[in-house]
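Novice: Model the following, please.
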Amino acid sequence: YEGMRQRLAVSLREAHEARIAEARLREEAARAELAALQARINPHFFFNTLNTISSLLDDDPEQAQDVVETLARLFRYAFRVSDTRLVPLSDEFAFLEDYLTIERARFGDRLHVLTDIDEAAADVRVPGLILQPLVENAVLHGIAPRARGGTVTITAVATGAGLALGVRDDGIGFAGDPAATIRDGHGLGNVRSRLRTRYGDGADVTLERDPRGGTIARIVVPHTEPVGNGSEGELA
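Specialist: Next up, the predicted model:
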């Protein structure tokens with residue numbers, strides 16, 4: 001009996017250590033995905049913003065200064081969330097507002113933005129920079145190719161099952177299979193990978209054609225505790 005008790009204790013300890021190791025690996029994988037995502041987005045966006053600032057310097061130096069300050073806030077936030085687990089959704093929307101301020105300086109009256117965040121969703125914690133790739137896709141692939149531009153609509157609703165996020169554009173739409181558009185190594189593919197690493201199969205990102213014209217990207221986050229959940233490392 002004593003031998004069995006000892007073997008059981010060892011087995012339980014080993015199982016507990018294995019669970020801790022698995023959680024640590026999944027957390028590290030999520031952080032690696034975020035770092036990779038930042039590395040792909042930031043240079044592209046950074047150089048486009050530099051071009052925007054350069055074009056504004058002669059005609060509107062005050063706006064050029066505003067864009068510089070906004071860009072600094074964006075990068076401070078991006079660096080901060082790379083070291084956190086979860087951030088309030090309201091912080092993500094504030095980040096998106098800064099991001100879109102710069103895009104509006106670039107596109108002018110061609111870009112219109114509508115936002116609608118459910119009051120109950122504002123404090124829900126989500127992985128940092130989870131919405132920006134969807135918005136960037138909507139602007140660059142939906143709105144930018146159109147001479148007259150268009151509108152990007154960003155929504156967040158707290159549901160009984162979790163959190164539903166949506167980014168819709170009324171742009172040119174896309175060809176091919178929606179599922180094939182979300183590829184590993186690309187923006188939306190990385191979002192899906194990060195969501196599934198953190199939440200399992202309960203979270204996902206999808207892409208669909210809007211019957212009214214344009215594209216709708218959706219993110220679903222369940223009401224479950226993500227792997228590695230806790231206050232440590234969260235953005236205050």
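Novice: Pick out the residue nearest the middle of the protein.
Specialist: The residue lying closest to the centre of the chain (C-alpha atoms, centre = their mean) is Ile130, at 1.3 Å.
Novice: residue contacts, it?
Specialist: For Ile130, the contacting residues are 92, 165, 191, 194-195, 219, by C-beta atoms under 8 Å, 6 or more residues apart in numbering. Every C-beta, even on glycine, is put in place using the N, C-alpha and C of the backbone.
Novice: In the protein, what helix or strand scores lowest on average pLDDT?
Specialist: Every helix and strand of the chain was ranked by mean pLDDT, DSSP states H and E. The lowest is helix 178-181, at a mean of 66.
Novice: Now do the residue nearest to the centre of the chain against His141, distance only.
Specialist: In this view, Ile130 and His141 are 18 Å apart by C-beta to C-beta, to the nearest Å.
Novice: For whichever strand or helix holds Val67, the averaged confidence score.
Specialist: Per DSSP states H and E, Val67 falls inside helix 61-81. Across helix 61-81, the average pLDDT comes to 88.
Novice: Same check on stretch 194-208?
Specialist: Computed over stretch 194-208, the mean pLDDT rounds to 86.
Novice: okay, how far is it across it, tip to tip?
Specialist: From its first residue to its last, stretch 194-208 covers 20 Å (C-alpha to C-alpha, to the nearest Å).
Novice: helices and strands around the helix holding Val67, which ones?
Specialist: Applying 3 or more C-beta pairs under 8 Å, 6 or more residues apart in numbering; DSSP states H and E, one finds that helix 61-81 contacts helix 2-59, helix 89-107.
Novice: Would you mind getting the angle between that helix and helix 89-107?
Specialist: Here helix 61-81 runs at an angle of 140 degrees relative to helix 89-107 (axes from the mean of the first three to the mean of the last three C-alpha atoms, to 10 degrees).
Novice: Pull out the buried residues from helix 61-81.
Specialist: By neighbour count with 16 or more other C-beta atoms under 10 Å, helix 61-81 contains the buried residues 64, 66-67, 70-71, 74, 77-78, 81.
Novice: For Leu114, give the beta-bridge partners.
Specialist: Thr153 (DSSP bridges).
Novice: Any regions of this structure where pLDDT drops low?
Specialist: 26-43, 82-84, 178-181, 183-186, 224-236 (pLDDT under 70).
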